[in-house]
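Chemist: quick one, structure for this:
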Amino acid sequence: MRPAPFSYSKPESLAQALRAIAGGAMPLAGGQSLIQSMRLRTQEPFAVVDINAVHELTDRIEITEHFVEIGALCTHRQLSENDAIRQEFPWLAKAALDLGDVQVRNRGTVLGNICWADPRANMAVALLASNATISVTGTKTELIPITEFFTGFRTTVLGPRLATSIRLIRNLNSIGTYLEFSRQRQDLALCNVCVVRDEHGTCVSVGGIHQRPIRLSELERILDDPDSTIRDLHVQIQDTLRKPIFDPVVDHHGEPAYKLHLAATLIERAISACLKGGDRD
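Modeler: Have a look, this model is predicted:
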């Protein structure tokens, strides 16, 4: 199918891009999800604003003493091949490498994957467990914790604002694992999980069992309890996922009970992998 009619602009300044977005235009960076949805007419924006020429935006991954800053135009390939990411956040490199095919990784952007907000998006799940923050610009610039960024199925808190970068706190003691299950390699995951552990505690995120990617805070507290044992892990995970808050995405790929079973299995495997050193090379 062909997209419905739309107007296209490619501004060179952030102010121009923000004016277009405030007027209802949908931002486009890599376009790997947006263009496909427009062709299927599940998305019919009347205007698209291409942000690739905005000189205030960058594709760089900047390393400072305390933070890693991932630019709005950074692609999945750039993330997966970056030495600092591979060394300090290898689970993010793995999530990026597992995403789509070579063409998608070369064009698709990390921040675009977050803003698309599919509940099974690789980078959303991996960054959620990494306690990332999103830099957002509108009438002012602010940092939004990723735990507050997603509001529902493919919806976020952005509104007429533009996400401009992702910030990660550096911690050389972090260990993490990203795992997913899909019908075939490089397909959109039916369910995916990420577990990250450091001296401050454990983060567990999961996609595919709710209308947005979520953190399992109750399970995190159990895992950080010194009296908890690995022997009870299977039961604890199952008990957590039986809570009525979970509302798996309904589609033709599997029943909710099946997706919850996938989630439990992947979480258990990811925790076990973290105990063995995680995704480090």
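Chemist: how about the helices in the stretch 51-200 of the chain?
Modeler: Here the stretch 51-200 of the chain has its helices, by DSSP state H, counting those that start in this stretch, at 76-81, 83-88, 90-97, 102-107, 110-116, 122-129.
Chemist: avg pLDDT for stretch 85-105?
Modeler: Stretch 85-105 comes out with an average pLDDT of 92.
Chemist: about what we covered before: among the helices of the stretch 51-200 of the chain, which is the most enclosed?
Modeler: Highest mean neighbour count among the helices of the stretch 51-200 of the chain (mean count of other Cβ atoms under 10 Å): helix 122-129, with a mean of 29. C-beta: built from backbone N, CA, C; applies to glycine.
Chemist: so which of the helices of the stretch 51-200 of the chain is nearest residue 193?
Modeler: Closest to residue 193 of the helices of the stretch 51-200 of the chain, according to Cβ to Cβ: helix 122-129, at 6.8 Å.
Chemist: CA atoms only for that closest one - export them in CSV, please.
Modeler: Output of helix 122-129 as CSV, limited to C-alpha atoms (Å, rounded to 0.1, in the frame of the first residue of the first chain):
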residue,chain,number,x,y,z
ASN,A,122,14.5,-3.9,22.0
MET,A,123,15.9,-0.6,23.1
ALA,A,124,13.0,0.4,25.2
VAL,A,125,13.3,-2.7,27.3
ALA,A,126,17.1,-2.6,27.6
LEU,A,127,17.2,1.1,28.5
LEU,A,128,14.4,0.7,31.0
ALA,A,129,16.5,-1.8,32.9
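Chemist: could you give the mean pLDDT of that helix?
Modeler: Helix 122-129 comes out at a mean pLDDT of 96.
Chemist: who touches stretch 59-76?
Modeler: The contact list for stretch 59-76 (Cβ atoms under 8 Å, 6 or more residues apart in numbering) reads 29-30, 51-52, 57-58, 78-79, 82, 84-85, 88-89, 96-97, 99-100, 104-111, 113, 123, 162-170.
Chemist: count of neighbours near residue 232?
Modeler: A total of 12 residues lie near residue 232 under the criterion other Cβ atoms under 10 Å.
Chemist: any idea how far it is from residue 243?
Modeler: 17 Å (Cβ to Cβ, to the nearest Å).
Chemist: contact partners for the residue lying closest to residue 141 once chain neighbours are set aside?
Modeler: In space, residue 141 comes closest to residue 135 once its chain neighbours are excluded; the distance is 6.6 Å by Cβ to Cβ, 6 or more residues apart in numbering. Counting by Cβ under 8 Å, 6+ apart, residue 135 makes contact with 141, 142, 143, 163, 164, 165, 166, 167.
Chemist: helix, strand or coil for the residue of the chain positioned farthest from its centre?
Modeler: Farthest-out residue of the chain from its mean C-alpha position, per Cα atoms, centre = their mean: residue 227, at 31.8 Å. Classification of residue 227 by DSSP: H, G, I helix; E, B strand; the rest coil places it in coil.
Chemist: pLDDT score assigned to it?
Modeler: Looking at residue 227, its pLDDT stands at 70.
Chemist: what's the closest non-adjacent residue to residue 59?
Modeler: Using Cβ to Cβ, 6+ apart and skipping the chain neighbours, the partner closest in space to residue 59 is residue 73 (3.9 Å).
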